[in-house]
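Kindly return the folded structure for what I paste below:
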Amino acid sequence: MSEDIKKTIRELHIYEKKLLKELEANPEATPDQIAENADMDIKSVMSAAGSLASKDIIEVDKEVQKTYSLTADGLEYAEHGLPERKILNALAKKKGIHMKDLASETGMDKKEANIALGWLRRKNWAQIDKGVVNITDIGNDFSSKLDVDEKVLDYLKANADGVKLFTDDLKEGFTKLIGRKNILNVKKETSHSFILLPKGEEILKVGFTIKEQATQLTHDHLKEGEWKNLEYRPYDINAEAPVVFAGKKHPLREIIDEIREIFLNMGFVEDNGEYVESAFWNFDSLFQPQDHAAREMQDTFYLKNPLTCDLPDDALVQLTAETHETGADTGSVGWQYDWSEDIARQSVLRTHTTGISTKHLFEHEPPIKMFSVGRVFRRETFDYKHLPEFHQVEGLVCGEGISYQNLLGTLKEFYKKLGFEVRFRPAYFPYTYLSTESEIYLEEKESWIELGGAGMFRPEVLKPLGINQPALAFGMGIERLAMIRYDVEDIRMLYKSDIKWLREVPISKGVRL
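Residues are numbered from 1 along each chain as shown. A predicted model of the protein is given here:
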């Protein structure tokens, strides 16, 4: 006897042993017979069988037997004919019936008449010519005999208790009926049988005793000395524990909450803004000309409802217009075009969160430290790195003495708290000067990756808002950060609800300081 067989016998549950003993006595025993003979409930029998099957001791065969009978509708059709039969009978007398008269000629409602007409054409019993339904030669032939599905109806009517199998001459008719709704009832009966495998036969050959086993040692066992006579079920200390998938935040939510916490710890306050915004706040307040390519329909979602948004304070609108047209008193010459209020009123789904920053500047007095995290929308083509809806984070600092050095220092602190080493390179953005892009270093890839943009707001942005103090702003796409952190190559994975990936992704890979 091998050590493996000895070990298996020692670890058998009493219910498993009882089931094996019953199969030894009667290899054809059914689960119900085993339950009765071994004084077990059927649930315990099936549980023991599943456990034995997982150990390759027995094999469990499952057989599903279907019984077919007529529904109330099916019985009605069996007694009075299928809907298409009613029309065929009418056609056999009139030869041609206009489609609008089918219901009245046959006593059916319009819905049933339409269904019947579909089956007439499918069976090629009738054809339609200029709205008139005419019987075909095949229809003439069947006007005096039953179709195969009608024979099945008669057969099931005569066998009210149900039919499990159909003879070859009825199988075609059964296939037709099973494809129609509310005609057949299907009752499923599942039966199981057990087959001893070689390992099971070897275990029975070696033999074992059936004795109640204790699974735990109690105080009473020790007090009364009963523990000496108890047989304890052995435990496999090397057995794998079940994998438990605890509830946790979605990876994107984890990063958003982490970024929010970093900003709050750095003394920022949060502003959220609205998804639907005017073109004024989304574009014009950022000194973006009204003929800029980013405003085109292929880049921006424009709304029909509401079609327009209200503009803010008249003075702000006027100063913004002058700044666009001539530069006003900003030291710029502006864009040299006629600014339009109608264009500024257009409703858009916000394309970035920077519009939240300019509105916040207008509504609050410096000093200001504000951040926002939210969804933005652009007319992007779906691919591995682009989505039409994604998240952006925006930071804003405004006050006396704020400089480009403050911008770099703030960015270094922000990325440090995210767990990244950062460096900067010059960049261009329409509404900031000086401008920079932040690059983070990925040790596993041994390379620098661009992650976000930043800069000092231009006077053309600040002056119309009534801000006479310098302001820095920076932002990045959260999905891009998530792709880097979770080593995802396709941005769509973040929204697929792939349960396997969501279970396996670490709760947090960031450095929290």
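
make it CA atoms for all contacts and neighbour counts henceforth
Will do.

shaky segments in this protein?
Residues of the chain meeting the criterion pLDDT under 70: 1, 508-513.

80 instead?
For the chain, the stretches with pLDDT under 80 are 1-2, 95, 212-215, 230-239, 297-298, 385, 444-445, 506-513.

Spatially nearest residue to Gly399, not counting backbone neighbours?
Excluding the flanking residues, the one nearest Gly399 by Cα to Cα, 6 or more residues apart in numbering is Pro367, at 4.4 Å.

Is it correct that the one you found is in contact with Gly401?
No: if you go by Cα atoms under 8 Å, Pro367 and Gly401 don't touch, sitting 10.3 Å apart.

Mind checking which of the two has more residues around it?
Using other Cα atoms under 10 Å, the more surrounded residue of Pro367 and Gly401 is Pro367, with 14 against 10.

residues touching that one, list them.
Shown in contact with Pro367 (Cα atoms under 8 Å, 6 or more residues apart in numbering): 397-400.

so how far does stretch 72-92 reach from one end to the other?
28 Å (Cα to Cα, to the nearest Å).

And the contacts of it?
Against stretch 72-92 from outside (Cα under 8 Å, 6+ apart): 97, 102, 105-106, 112-113, 115-117, 119-120, 125-126, 134-135, 139-140, 143, 150, 153-154, 157, 182-184.

Strands - which of these land there?
Among the contacts of stretch 72-92, DSSP state E puts 97, 126, 134-135, 184 in strands.

Just the helices from the stretch 351-500 of the chain, written as ranges.
Shown for the stretch 351-500 of the chain, the helices assigned by DSSP state H, counting those that start in this stretch span residues 354-363, 404-418, 459-462, 478-485, 499-504.

Send me the third one as PDB with only the CA atoms.
Taking C-alpha atoms only, helix 459-462 is exported to PDB below (Å, rounded to 0.1, in the frame of the first residue of the first chain):
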ATOM      1  CA  PRO A 459      -1.300  88.400 -18.200                       C
ATOM      2  CA  GLU A 460      -3.900  88.000 -21.000                       C
ATOM      3  CA  VAL A 461      -5.600  85.300 -18.800                       C
ATOM      4  CA  LEU A 462      -5.200  87.100 -15.400                       C
END
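
can you pull the contacts of the residue lying closest to Leu264 once chain neighbours are set aside?
Nearest non-adjacent residue to Leu264, counting by Cα to Cα, 6+ apart: Glu270, 8.0 Å away. With contact set as Cα under 8 Å, 6+ apart, Glu270 has these partners: 264, 370-372.

again with Arg503
Taking Cα under 8 Å, 6+ apart as the criterion, Arg503 is in contact with Phe245.

Give me whichever of the helices of the stretch 351-500 of the chain is most buried.
helix 459-462 (a mean of 24; mean count of other Cα atoms under 10 Å).

any idea how far that helix is from the chain center?
Centroid displacement of helix 459-462 relative to its chain, using Cα atoms, centre = their mean, to the nearest Å, is 44 Å.

ok, now stretch 85-102?
On Cα atoms, centre = their mean, the centre of stretch 85-102 falls 50 Å from that of its chain.

That one: end-to-end distance?
End-to-end distance for stretch 85-102: 12 Å, by Cα to Cα.

State the phi and psi torsions of the nearest residue to Val276 once chain neighbours are set aside.
Excluding the flanking residues, the one nearest Val276 by Cα to Cα, 6+ apart is Leu349, at 4.8 Å. Backbone torsions for Leu349, taken as degrees, to the nearest 10, come to phi -80, psi 130.

Does Leu349 touch Arg379 like I think?
No: using Cα under 8 Å as the test, Leu349 is too far from Arg379 to be in contact (10.2 Å).

which residues do these two both contact?
In contact with both Leu349 and Arg379: 300-301, using Cα under 8 Å, 6+ apart.

of the two, who's got more company?
More crowded of Leu349 and Arg379, by other Cα under 10 Å: Leu349, with 20 against 16.

separation between that one and Lys304?
As judged by Cα to Cα, Leu349 and Lys304 stand 11 Å apart.

Ok, Leu102 next?
45 Å.

go on, Glu189?
57 Å.

does Arg85 belong to a helix or a strand, and which?
Following DSSP states H and E, one finds Arg85 within helix 83-94.

before we move on, what about Thr175?
helix 168-178.

circling back: what pairs with the residue nearest to Leu264 across the strands?
Note on Glu270: beta-bridge partners by DSSP bridges are Phe371.

which ones are touching the closest residue to Leu494 other than its chain neighbours?
Counting by Cα to Cα, 6+ apart, Leu494 lies nearest to Leu252, which is 7.4 Å off, once chain neighbours are set aside. Leu252 makes contact with 478-479, 482, 494 under the criterion Cα under 8 Å, 6+ apart.

Closest one of the residues you listed to Arg233?
For those, the closest approach to Arg233 (Cα to Cα) belongs to Leu494, at 46.7 Å.

Phe287 and Pro426, how far apart?
As defined by Cα to Cα, Phe287 lies at a distance of 20 Å from Pro426.

which of these two has more neighbours?
Phe287 (26 against 12).

end-to-end on stretch 74-91?
Stretch 74-91: ends 23 Å apart by Cα to Cα.

List the buried residues of that stretch.
For stretch 74-91, the neighbour count (16 or more other Cα atoms under 10 Å) marks 74-75, 77-78, 82-91 as buried.

Let's have the residues you listed in TSV, adding distance to Ser447.
Formatted as TSV, the buried residues of stretch 74-91 follow (distance: Cα to Cα, whole Å):
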residue	distance to Ser447
Gly74	71
Leu75	74
Tyr77	74
Ala78	76
Leu82	73
Pro83	73
Glu84	73
Arg85	76
Lys86	77
Ile87	76
Leu88	78
Asn89	81
Ala90	81
Leu91	80
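
For Pro388, give me its contacts.
Pro388 makes contact with 377-382 under the criterion Cα under 8 Å, 6+ apart.

Just the buried ones out of the residues you listed, please.
Neighbour-count burial (16+ other Cα under 10 Å) applied to the contacts of Pro388 gives 377-379.

So which of those residues is the closest to Tyr15?
Closest to Tyr15, out of all of the buried ones among the contacts of Pro388 and judged by Cα to Cα, is Phe377, at 61.0 Å.

Fine by me, we can end here.
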